[in-house]
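Novice: need coordinates for the below:
(3 chains)
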Amino acid sequence: MIGRLLALAPFIAVAVAALASLVLPAYQVSVATYVMIASIVCTGLVLMTGIAGMVSFGQAAFVGFGAYTSACMSTQFGLSPWLGLAGATIGAAATAALIGVVTVRMSGHYLALATLCFGISFYFGIGNADAFGRFNGMTGIPPVTVGGFELRSERQAFGLVLVALVLSVAWCRRLLASRCGRVLRSLRTGSTIAETFGANAQRHRLLAFVAAAVVAALAGWLYAHVQRFINPTPFGLNASIDYLFMTVIGGSGQVWGALVGAGLVTVIKHELQDLLRPVFGATARFELLVFAALMIIVLHKARKGLWPFLQQVVASHMPPRAPVAPVTLTSRRGRPDQGLPVLTAIGLRRMFGGLVAVDDVSFDVRSGEILGVLGPNGAGKSTLFNLISGGLQRSGGELSFLGAPLARVSARDMCVRGLSRTFQHAALVPEMSLIENVAIGATHLGRCGIVAASLGLDAREERQLLGWAQHLLDRVGLGDRAWELAGTLSLGHQRILEIARALAADPVLVLLDEPAAGLRANEKTLLAELLVRLRAEGLAIVLVEHDMEFVFRLADRLMVMNFGRRIAFGDPEEVRADTGVQEAYLGVAA
Amino acid sequence: MTVLLLLERFVVRYGRLTAVNDVSLEARAGEVTAVIGPNGAGKTSLVNAVMGLVPSGGRLLFPQWPEASRSIEARVRARISLVPETRDLFGPMTVLDNLKLGAFSARMEPRFDMRARLAGIFRLFPRLDERQNQQASTLSGGERQMLALGRALMLKPRFLMLDEPSLGLAPLIVAEMFRIIARLKNEGVSILLIEQNARAALRLADRAYVLEGGAIQLAGKAADVAADSRVIDAYLGMSAATPSNPDERQMGKVG
Amino acid sequence: MTADIAAILLQDGIANGAIYILLATVLVLVFTVTRVIFVPQGDLVAFTALTLAAFDAGTIPGTVWILLFGAAIALSLEMLEAVARRDRARCVRSIIQFGVVPVAVALLAVLLVPKDAPLLWKMAVTCALVTCISPVIYRIVFQPIASASPLVLLIAAIATHLGMNSIGLQVFGAEGVRTQGFSGPPLSFAGQLISQQVAGVVASSIVLVFVLYLFFHRSLRGRALLAAAYNRRGAEIVGISAAAAGRTAFIVAGLVGAVSGLLVGPMTTLYYDSGFILGLKGFVGAIVGGLAIYPLAAAGAVLVGAVESFASFWASAYRDIIVFMLIIPILFWRSVVNPHAEDGIE
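Specialist: Numbering: from 1, shown residues only, chains lettered A, B, ... in the order given. Next comes the predicted model:
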């Protein structure tokens, strides 16, 4: 019962809001309208800051951009506000793309500062431009018309804004659930996951930046035509900071947080002055101090924001997700014949400053074999993996994949060519479900982009990708936990999940970095069986593992590394008998 | 026997995840107490919580130093030391700096002699002496572990906790590591040893606990634990692929 | 523009740059140790000048009330925690830190600073007041969320700045002040006349940066602070508490902020809300330097000062826009040459 109610909660909320606007006094209705406009901006910020991890101090400038564009078009050229909307959003998208191309490749605080500079410049630029009425602003902006009917009153404006809010929330949620959305959600952990599975992290960052700008411009358009006069003040740095406050306080990781945060912050800012007057007297202006104190207290008590806090209460009542029907995708590339070399490395070298991490390492991997790599921590195994998979560039040596020489390797390119990997320190998106984590692996198998996702044209492909992910989860034995969050898995199972994700990319070669660490004896046996089956299907596997029993049981050939050099390579029994290996690695006692 | 560490109904939780559940354990003076179990069993959570790095529930007591259970600093002041699984060296700093900082909280003690302590560490690990001015992040895996242990020993610990000292080391270095631990034991340092390498740990330990799924499955004298059939099955080898040759069985698990 | 004007502008720029160096160094230091972008650093600078001006006017500066009020909150938070843990040593320590010391400094300010006290004495007490505020801020705002994401810390820092602005307006009023500085005939250096103020500012900031350098590279305590930044857990297990490291970083920040306030006070009129833009420019310098490397942060700060000073000559209305727009290509260059600053802000 509660579950069904929760599933319907968004619809109920919209209905309540619509009804309330008919009953409440005009002042409350207009406050609610501003709350919703702010919510729209925050929805975009959730996408950009909360999901993709880019902090923006310039969001208000994009709101202003939307407002001024449409205001100009409608007052100076007499165009319909609807044309203004198109102008505002398209213009914002183009501007954001231009700025984004330069800024999104910056990371962390660089990007924050760049947006801040942009925001300040916009504010002063508008405020000093005669065409926009300098700091006095522009007046006489026409209201929006629907079918010849002008939306002039507070209640009509409220309806318009409500529709816009519902649409932008729905759009953001749909976008986040799509193929692109999964990549976006992985970006907060860095670019590694996206790039390893063939997605362009930079382009997805840009996408989030542009999407946030478009949503902000929509909010600006609403603001201009609801308020009907504008000046630069609500588009300055302080406003940008307010939007950031709202997003973080509400819970920047989820779209609903935007609504909570925008509502709370706007209402507090509106009401605090009245509330505090009896406390401090009419002259004292402490509302900003109280506001700041409230914000800090919220951060102390719920540092992920208020929404996740509420969600904990609700979570146990949420109805379980419907299981996805497994789908087997037929491999898009022909497997090379059994025993043909998949990857050949000759004299691979990598220096870090003056240190040689990988020194003159040569080996090859054939299809249908498991190559074990042994060596102590710091022997260069992980560096070697990165050189092959494109995480690092080699300083010297040659590499070829399926017979084609590789000049410069990039992770994205290697994924498309058919190489896939797991990481020593599980690189998963902890707040995403298992099935979605696996589906990231299949990113490059899909075609639908952001437009298809927005319009809901990707349903068929989504069924296939998620079905494929479900199939692989079944295969590694995690199928019945598909919709649990990856962060709740034990370390051992996280590694298994990574294997499923690696397989989702439809590889010919997988690199497994310590897949058995953290598994119990019987789980290791299951993993070994899976690897044997994969080998029989013609997959080439490179296996780094410290559990020597496990390696000796599975490996067809073995390479031992120490101090960045290959100290032995070949048949496991021969390697084990090698005196050099015994002295340097196994120890004479062995 | 003097009890140095006492845990009763000890619990460690991360949000909704319970890592250590209802564990009772004691470590005695002059002994090596081993905790063995598979990766992910909660061993690291246990020892981190004992050090005070993560919050815990239940009873945690250092009967000899009642103040110590209040904060990490209080433990360090009581000369309780931890070598964490992740080593946690100060990567961009030199080996020498790392070692000096190991004695950070002892620097105000009367008759504190930094040089003598450093000399002691360098006698134990001549390799560190050679690399005094090298950045910690450029050390090899074995040297890092030596530095982490050396840093902990700079405190002259009365109770030393070692979390997976053999993790990720070449078998040769693992043997060296266990020789050093044995030497510390002979010098009278009381040790809580967390290990996945059950064979080596049980050979060295006086008492042992088997931790699985966050709970103690077995406890007793190390020799008795090593003789338990369940332990032999799960930790001391004999899995399907165990080589028949006894020399090979020796190699066992390394990591 | 003549060479003379250029030389004067350059002098101005370097003097401003010297202030930004101090701000940038502190921002880098605080960020390294605590991951907080300490936005209110600029407010501390402004409060210093306002405090000194209040002493000059013979009134009790509002800083005293800010300190006492803040220390009371910090003390009660600290006592609650200490009592809950039955930690007597900590009780005593916190009473000294947040009770005895602030009250002593406040009493000093109220009782021992007559209007005609020597300037140096007033400056010293001003420094003490502002320096004490900084660790109080750390205890109230940042220590409880020390492990939160940089984004949360940044938001908390901005909220703190807003709060300080609000208090600043209340206790100092909206009037701007310009304090006394180094005075005397200009010095001659390499054929250029250099005002004593500029020389004093540059010399002080060089000395201060050098002292900080010595502290971090020669003393074990300074090394410990850096160690806490490099590896928090590693630091904790050798007995360097993250809270103490953070507190020390904030004390240094307060002290350097106060000195910057004394230096910048005579050069420009400061208001209760001037701090933000000052801090921002220091922040720009720090970011240009990559938030990590001190000499680069310093170079970035001088660059900002010079650009600002030339921009204000050519187009003073657009001064700040020019400064901030110039930053974007530099940022771009920084992020290209330093691509592994990969860890997002989240």
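Novice: any residue of stretch C:155-165 touching chain A?
Specialist: Yes: applying CB under 8 Å from any CB of the partner chain, one finds that stretch C:155-165 is in contact with chain A at C:155-156, C:158-160, C:162-163, C:165. For every residue, glycine as well, the C-beta is placed using N, CA and C.
Novice: gap between that stretch and the chain center?
Specialist: 14 Å (CA atoms, centre = their mean, to the nearest Å).
Novice: in it, what counts as buried?
Specialist: Using 16 or more other CB atoms under 10 Å in any protein chain shown as the test for burial, stretch C:155-165 gives C:155-165.
Novice: inside strands: which ones of those?
Specialist: Of the buried residues of stretch C:155-165, none are assigned to strands by DSSP state E.
Novice: from these, pick the one nearest B:F90.
Specialist: Using CB to CB, C:A157 is the member of the buried residues of stretch C:155-165 that lies nearest B:F90, at 26.1 Å.
Novice: please, where are all the helices along the stretch 201-346 of chain C?
Specialist: C:220-230, C:232-237, C:242-264, C:275-288, C:294-314, C:319-337 (DSSP state H, counting those that start in this stretch).
Novice: identify all contacting residues around the fifth one.
Specialist: Just to be clear, that refers to helix C:294-314. For helix C:294-314, contacts defined as CB atoms under 8 Å, 6 or more residues apart in numbering or on different chains pick out C:1, C:5, C:9-10, C:12-21, C:23-25, C:27-28, C:209, C:213, C:281-282, C:284-291, C:318-319, C:322-323, C:326, C:330.
Novice: if we use 7 Å, what do you get?
Specialist: C:9-10, C:12-14, C:16-17, C:20-21, C:24-25, C:28, C:209, C:281-282, C:284-286, C:288-290, C:319, C:322-323, C:326 (CB atoms under 7 Å, 6 or more residues apart in numbering or on different chains).
Novice: sorry, back to before: going by distance to chain A, which of the buried residues of stretch C:155-165 wins?
Specialist: Taking CB to the nearest CB as the measure, C:G163 is the one of these closest to chain A, at 3.3 Å.
Novice: who's in contact with residue 230?
Specialist: In the absence of a named chain, chain A is used. A:67-68, A:71, A:137-138, A:224.
Novice: correction: the question concerned chain C.
Specialist: If you count contacts by CB under 7 Å, 6+ apart, C:Y230 has them with B:90-93.
Novice: which residues of the stretch 51-200 of chain C lie near chain A?
Specialist: By CB under 7 Å from any CB of the partner chain, the residues of the stretch 51-200 of chain C that approach chain A are C:141, C:144-145, C:148, C:151-152, C:155-156, C:158-160, C:162-163, C:165-167, C:169-170.
Novice: from the helices of the stretch 201-346 of chain C, which stretch is densest packed?
Specialist: Mean neighbour count (mean count of other CB atoms under 10 Å in any protein chain shown) peaks for helix C:275-288 among the helices of the stretch 201-346 of chain C, with a mean of 27.
Novice: that one - contacts with which helices or strands?
Specialist: helix A:108-127, helix C:3-34, helix C:41-56, helix C:294-314, helix C:319-337 (3 or more CB pairs under 7 Å, 6 or more residues apart in numbering or on different chains; DSSP states H and E).
Novice: let's have the ones you listed in JSON lines, adding distance to B:N48.
Specialist: Listed next are the helices and strands packed on helix C:275-288 as JSON lines, based on distance: least, CB to CB, whole Å:
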{"stretch": "helix A:108-127", "distance to B:N48": "28"}
{"stretch": "helix C:3-34", "distance to B:N48": "22"}
{"stretch": "helix C:41-56", "distance to B:N48": "35"}
{"stretch": "helix C:294-314", "distance to B:N48": "34"}
{"stretch": "helix C:319-337", "distance to B:N48": "36"}
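Novice: can you redo those helices as CSV with mean pLDDT?
Specialist: Below are the helices and strands packed on helix C:275-288 laid out as CSV (pLDDT from 0 to 100):
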stretch, mean pLDDT
helix A:108-127, 83
helix C:3-34, 84
helix C:41-56, 91
helix C:294-314, 77
helix C:319-337, 73
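Novice: select, out of those helices, the one closest to A:L275.
Specialist: Of all those, it is helix C:41-56 that lies closest to A:L275, at 25.5 Å by CB to CB.
Novice: quick one: contacts for A:E369?
Specialist: A:535, A:540, A:556-557.
Novice: now render these as TSV, adding distance to chain B, pLDDT and secondary structure.
Specialist: Formatted as TSV, the contacts of A:E369 follow (distance: CB to the nearest CB, whole Å; pLDDT from 0 to 100; DSSP: H, G, I helix; E, B strand; the rest coil):
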residue	distance to chain B	pLDDT	secondary structure
A:R535	16	91	helix
A:A540	22	92	strand
A:D556	14	92	coil
A:R557	17	92	strand
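Novice: isn't C:A128 up against C:V105?
Specialist: Yes: in this structure, C:A128 is within contact of C:V105 by CB atoms under 7 Å, at 4.9 Å.
Novice: which of those two has more residues huddled nearby?
Specialist: Set side by side, C:A128 and C:V105 show more neighbours around C:V105, with 23 against 20, by other CB atoms under 10 Å in any protein chain shown.
Novice: what's the spacing between the more buried one and B:A222?
Specialist: For C:V105, the distance to B:A222 equals 59 Å [CB to CB, to the nearest Å].
Novice: wasn't A:L558 part of a strand?
Specialist: Yes: the assignment for A:L558 by DSSP: H, G, I helix; E, B strand; the rest coil puts it in a strand.
Novice: ok, how many other residues are close to B:D97?
Specialist: So B:D97, with other CB under 10 Å, has 21 neighbours.
Novice: what does the model give it for pLDDT?
Specialist: B:D97 carries a pLDDT value of 94.
Novice: do the same with A:V342
Specialist: Listed pLDDT for A:V342 reads 89.
Novice: parallel or antiparallel, list what pairs with the helix or strand where it lies.
Specialist: Assigned by DSSP states H and E, A:V342 belongs to strand A:341-352. Here strand A:341-352 has these sheet partners by DSSP bridges: strand A:355-366 (antiparallel), strand A:396-401 (antiparallel).
Novice: next helix or strand past the first one?
Specialist: This points to strand A:355-366. strand A:370-374.
Novice: with the last one instead?
Specialist: Next helix or strand after strand A:396-401 toward the C-terminus (DSSP H and E): strand A:404-406.
Novice: for that next one, packing partners?
Specialist: Packing partners of strand A:404-406 (3+ CB pairs under 7 Å, 6+ apart): strand A:396-401.
Novice: the same query, at a cut-off of 10 Å, please.
Specialist: Where contact means 3 or more CB pairs under 10 Å, 6 or more residues apart in numbering or on different chains; DSSP states H and E, strand A:404-406 is packed against strand A:341-352, strand A:396-401, helix A:411-417.
Novice: tell me the gap between the shortest one and the middle of its chain.
Specialist: Right, strand A:396-401. Remark: strand A:396-401 is offset 32 Å from the chain centroid, using CA atoms, centre = their mean.
Novice: that one: which residues count as buried?
Specialist: Across strand A:396-401, burial judged by 16+ other CB under 10 Å covers A:397, A:399, A:401.
Novice: show me what contacts A:G119?
Specialist: Residues in contact with A:G119 (CB atoms under 10 Å, 6 or more residues apart in numbering or on different chains) are A:56-62, A:64, A:235-237, A:239-241, C:324.
Novice: could you find the closest non-adjacent residue to it?
Specialist: Spatial nearest neighbour of A:G119, chain neighbours left out: A:G58 (3.4 Å); criterion: CB to CB, 6 or more residues apart in numbering or on different chains.
Novice: for the one you found, give its distance to B:I232.
Specialist: According to CB to CB, A:G58 stands 65 Å off from B:I232.
Novice: the more surrounded of these two?
Specialist: A:G58 (29 against 13).
Novice: tally up the residues packed near C:S188, please.
Specialist: 9.
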